[in-house]
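Undergrad: compute the structure for the input listed below.
(4 chains)
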Number of protein chains: 2
Amino acid sequence: MSARQVTLAEVAKQAGVSLATASRVLNGSTRQVSEELSDRVLRTAEQLGYVPNASAQALARNSSSLVGLVVHDITDPYFSCIAAGVTRVAEEAGLVVVLGTTGRRPEREVELLSTLRAHRARAVVLAGSRTTDRASQARLAAEIDAFTEQGGRVACVSQAKLGTDTVVPGNRAGGRALARALAELGHRRFAVLGGPAELVVARDRLAGFKAGLADAGIAPPVVVNGAFTRDGGYEAALELLASKSRATCVFAVTDVMAMGAMAALRERGVRVPEDMSIAGFDDIPTLRDTVPALSTVRLPLEEMGEIAAGLVLDAGGDEARTVRVAGEVVLRASTGHNILATT
Amino acid sequence: MSARQVTLAEVAKQAGVSLATASRVLNGSTRQVSEELSDRVLRTAEQLGYVPNASAQALARNSSSLVGLVVHDITDPYFSCIAAGVTRVAEEAGLVVVLGTTGRRPEREVELLSTLRAHRARAVVLAGSRTTDRASQARLAAEIDAFTEQGGRVACVSQAKLGTDTVVPGNRAGGRALARALAELGHRRFAVLGGPAELVVARDRLAGFKAGLADAGIAPPVVVNGAFTRDGGYEAALELLASKSRATCVFAVTDVMAMGAMAALRERGVRVPEDMSIAGFDDIPTLRDTVPALSTVRLPLEEMGEIAAGLVLDAGGDEARTVRVAGEVVLRASTGHNILATT
DNA sequence: GCGTGGCCGGAAAGCGCTTTCCAGCGCTGC
DNA sequence: GCAGCGCTGGAAAGCGCTTTCCGGCCACGC
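TA: Residues are numbered from 1 along each chain as shown, chains lettered A, B, ... in the order given. Predicted coordinates for the structure are as follows:
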């Protein structure tokens, strides 16, 4: 088996031209080749089923057609939406997407970046969330530097890294707007199911939410932290219930967490929104059909992926660009009016 | 900027050894190198921040560390779960996953395979569903042949392609078991929201379901075809309602379609399960918290991805292996007893 | 004491492609 | 009529690595 691969040399020989000519025909260099030879080469290439060896090209050109995409968990709809945006843009540009998953371990992010560097990836989109841990931050920054030094470009989604292009969702503003909208529904006592304390995204959303409450002259919320996952939301909600909090409305910093929280409430016989209103963040498409429909802050996730890919693919100047995308509050059935509203 | 990349040659020179020795140290060849030199090389490599050029390695070794993964839509939880399984196994094996999305266009699948071939990918997992269209089948088969000829391995999920390893979920058996289980709830008139007629997966599930009904002595279901997506389910359900079918239970061949269908029913004021029972297929984890909880046939999606990756990564013999994974009927709240059950 | 292996280092030949450089040729312009 | 230019084709030098092959060294055995 394993009929050896057709090489450019074979095509050239078969077509009776030099290696150089064949190469020029088959990849559109700046140089012209007469139509006759060009035709001949094209035809023989076709006939022999020639496929260029991407590694050899990458080596000779010193640049590959790989684009990295680093996410925590491709199963999480948040990331898969972003991934969809990134792949669409990359594929249109004729590039190939390398998917790396970190499982939320910072060191894995560094490893992946290093691997991507080994492959001379042209660019990489970091979609994971930034943590506040100093040490891993520093290692990541070093790796990013190495990557850019080598000529690669890096863009981040939602984590402003020094010197990289970034797509920044309005986490803070979204949280704030949501808090106000919920206050307008008459709620006065809030709880928040926050993500891990060290996650910047979670902190921003929480901070915005608190600010919004303050705007409305409402006391700060009870905050229960949990993992940034469905189960995290579930556990945090149970904890909240156990704490006998008197909150009438709970904000889960993520739709996925909100789903977990709703499951917990349901199990405990707490009705949504009658007994408790709940809101999330992200507006995950897959979850739009749930009952009761989840109030949330909509983020254009796929578009964010596209923007990130766009940033990272067109060279751009030297300085880091930042694209802000706004979140839009969407109130649905999971949040009701609080009839008991007092001052 | 762009401090040029550290090469093996530089490391070797700096360490005062030959290129060969440096290479042997830094990638564990069969040959031994004295501890002294080895240490020296390791140290300088570390010091200089040496990262091997993967393209050059791939070229020299004539094999890369890339594994392809082809899906229709990474946003679809079905695929993202499989993707998670594949990436986990691949990353453990020190390989890098290239993600390609087809947008359900068969020709795109062929293109991707060809790109993967150009990159000398070591293996590829095809997770897309097979269609019955002759022409695209043939082109795909040709491309697969070319890929394997070149030494790459191919595995498919749920589509038995000639000569490739395959992970086959029990679509037929699952559909059949589901039909029987629903019949036992007393339902006698069924409808099916089938996927596109040319999708083998959809057909198998439908065929199994029909067989199950036949087992129970029940008349064949009304079948409405729609796209293999949430919207497809939504549309199909509307169409079903418009047809004034008297079905008391509807089977959507996919959980995602079932979600769309439930949305349609809800909009039309049809209660689930009181007025209409509904069941899906796949048991998508993200959808497990929906209300009413969806009855379905559970497939171990991540595991299927892992198995596929495992098949494609360990060489195996020459003949195609097939691993069957069973679906498990899970009845939840979306299917109720049919109290009006007659014969 | 010398022949014979076994080991380890290094030189060098690729891997398949790109790209520079040079040679040849037909034109134009004076 | 010839210098000079622009254009096309080919030879060849890499790109950074792996791996074969060879040569030198040491240890061992007779």
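Undergrad: isn't A:Ala293 up against A:Gly336?
TA: No. A:Ala293 sits out of contact with A:Gly336 when judged by Cβ atoms under 8 Å, with a separation of 11.9 Å. No exception for glycine: its C-beta is placed from N, CA and C like everyone else's.
Undergrad: what residues does the stretch 1-150 of chain A have near DNA strand C?
TA: Taking Cβ under 7 Å from any atom of the strand as the criterion, the neighbours of DNA strand C within the stretch 1-150 of chain A are A:4-5, A:7-9, A:19-20, A:23-24, A:26-27, A:29, A:31, A:50, A:52-53, A:56-57, A:59-61.
Undergrad: buried subset of those as a ChimeraX selection?
TA: Listed next is the ChimeraX selection for buried residues among these, using 16 or more other Cβ atoms under 10 Å in any protein chain shown:
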select /A:5,7,8,23,24,26,50,52,53,56,57,59
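Undergrad: can I get the worst-scoring helix or strand of chain A on mean pLDDT in PDB, CA atoms only?
TA: Considering only helices and strands, the least confidently modelled element of chain A by mean pLDDT, DSSP states H and E is helix A:134-149, at a mean of 88. The C-alpha atoms that make up helix A:134-149 are tabulated as PDB, following Å, rounded to 0.1, in the frame of the first residue of the first chain:
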ATOM      1  CA  ARG A 134       0.000  36.200  39.000                       C
ATOM      2  CA  ALA A 135       2.300  33.300  38.300                       C
ATOM      3  CA  SER A 136       0.300  31.800  35.500                       C
ATOM      4  CA  GLN A 137      -0.400  35.300  34.100                       C
ATOM      5  CA  ALA A 138       3.400  35.900  33.800                       C
ATOM      6  CA  ARG A 139       4.100  32.500  32.200                       C
ATOM      7  CA  LEU A 140       1.300  33.100  29.700                       C
ATOM      8  CA  ALA A 141       2.600  36.600  28.900                       C
ATOM      9  CA  ALA A 142       6.100  35.300  28.300                       C
ATOM     10  CA  GLU A 143       4.700  32.600  26.000                       C
ATOM     11  CA  ILE A 144       2.700  35.200  24.100                       C
ATOM     12  CA  ASP A 145       5.700  37.400  23.700                       C
ATOM     13  CA  ALA A 146       7.700  34.500  22.400                       C
ATOM     14  CA  PHE A 147       4.900  33.800  19.900                       C
ATOM     15  CA  THR A 148       4.700  37.300  18.600                       C
ATOM     16  CA  GLU A 149       8.400  37.700  18.500                       C
END
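Undergrad: list the helices and strands that helix packs on?
TA: Helices and strands touching helix A:134-149, as assessed by 3 or more Cβ pairs under 8 Å, 6 or more residues apart in numbering or on different chains; DSSP states H and E, comprise helix A:106-118, strand A:153-157.
Undergrad: tell me which of those sits most buried.
TA: Using mean count of other Cβ atoms under 10 Å in any protein chain shown, the stretch among the helices and strands packed on helix A:134-149 with the greatest mean number of neighbours is strand A:153-157 (a mean of 26).
Undergrad: mind listing residues that contact it?
TA: When contacts are taken as Cβ atoms under 8 Å, 6 or more residues apart in numbering or on different chains, the neighbours of strand A:153-157 outside the stretch itself are A:82, A:122-127, A:130, A:144, A:147-148, A:161, A:164-167, A:169, A:304-305, A:308-309, A:311-313, A:315-316.
Undergrad: among those, which ones are in helices?
TA: The subset of the contacts of strand A:153-157 located in helices under the criterion DSSP state H comprises A:82, A:144, A:147-148, A:304-305, A:308-309, A:311-313.
Undergrad: now, which of these lie close to DNA strand D?
TA: Counting by Cβ under 7 Å from any atom of the strand, no member of these reaches DNA strand D.
Undergrad: so for the residue of the stretch 51-200 of chain A found nearest DNA strand C, what's the pLDDT?
TA: Per Cβ to the nearest atom of the strand, A:Ala60 is where the stretch 51-200 of chain A lies closest to DNA strand C, at 3.1 Å. Note for A:Ala60: predicted pLDDT of 94.
Undergrad: who are the packing partners of the strand or helix carrying A:Gly100?
TA: With elements delineated by DSSP states H and E, A:Gly100 resides in strand A:96-101, which encompasses its position. With contacts defined as 3+ Cβ pairs under 8 Å, 6+ apart, the packing partners of strand A:96-101 are strand A:66-71, helix A:77-92, helix A:106-118, helix B:77-92, strand B:96-101.
Undergrad: now the weakest link among those, please, by mean pLDDT.
TA: Here the lowest mean pLDDT among those goes to helix A:106-118, at a mean of 93.
Undergrad: that one and chain B in contact?
TA: Yes. For a cut-off given as Cβ under 8 Å from any Cβ of the partner chain, helix A:106-118 has contacts with chain B, namely A:114-115, A:117-118.
Undergrad: and which of these is nearest to chain B?
TA: Checking the residues of helix A:106-118 next to chain B against chain B with Cβ to the nearest Cβ, the nearest one is A:Ala118 at 4.4 Å.
Undergrad: walk me through the domains of chain A.
TA: In terms of domains, chain A is parsed into A:8-52, A:63-169+A:302-325, A:171-299 (source: automatic domain parsing).
Undergrad: quick one: closest of the helices and strands packed on helix A:134-149 to A:Lys210.
TA: The closest approach between A:Lys210 and any of those, judged by Cβ to Cβ, belongs to strand A:153-157 at 23.8 Å.
Undergrad: run the angle between the closest one and strand A:66-71 for me.
TA: What separates the directions of strand A:153-157 and strand A:66-71 is an angle of 30 degrees, with axes from the mean of the first three to the mean of the last three Cα atoms, to 10 degrees.
Undergrad: circling back to that earlier point, okay if I get the helices and strands packed on helix A:134-149 as JSON lines plus distance to B:Glu274?
TA: Compiled in JSON lines, those are given as follows (distance: least, Cβ to Cβ, whole Å):
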{"stretch": "helix A:106-118", "distance to B:Glu274": "48"}
{"stretch": "strand A:153-157", "distance to B:Glu274": "43"}
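Undergrad: mind checking pLDDT for the closest residue to A:Arg203 other than its chain neighbours?
TA: Closest residue to A:Arg203 in three dimensions, ignoring its sequence neighbours and counting by Cβ to Cβ, 6 or more residues apart in numbering or on different chains: A:Ala197, at 7.3 Å. The predicted local distance difference test score for A:Ala197 is 85.
Undergrad: same check on the one 4 residues further on?
TA: pLDDT, the model's per-residue confidence, is 90 for A:Val201.
Undergrad: and it, how many neighbours does it have?
TA: Taking other Cβ atoms under 10 Å in any protein chain shown as the neighbour definition, A:Val201 ends up with a count of 22.
Undergrad: please tell me how far the closest residue to it other than its chain neighbours sits from DNA strand D.
TA: In space, not counting the residues next to it along the chain, A:Val201 is nearest to A:Ser129; the distance is 4.5 Å by Cβ to Cβ, 6+ apart. Taking Cβ to the nearest atom of the strand, to the nearest Å as the measure, A:Ser129 and DNA strand D are separated by 33 Å.
Undergrad: show me what contacts A:Ser129?
TA: A:72, A:158-159, A:199-202, A:228.
Undergrad: and these as CSV, adding distance to DNA strand D and secondary structure?
TA: CSV is the format used below for the contacts of A:Ser129 (distance: Cβ to the nearest atom of the strand, whole Å; DSSP: H, G, I helix; E, B strand; the rest coil):
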residue, distance to DNA strand D, secondary structure
A:His72, 30, coil
A:Ser158, 34, coil
A:Gln159, 30, coil
A:Leu199, 36, strand
A:Val200, 35, helix
A:Val201, 37, helix
A:Ala202, 40, helix
A:Phe228, 38, coil
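Undergrad: shaky segments in chain A?
TA: Along chain A, segments meeting pLDDT under 70 span A:1-4, A:161-162, A:316, A:339-343.
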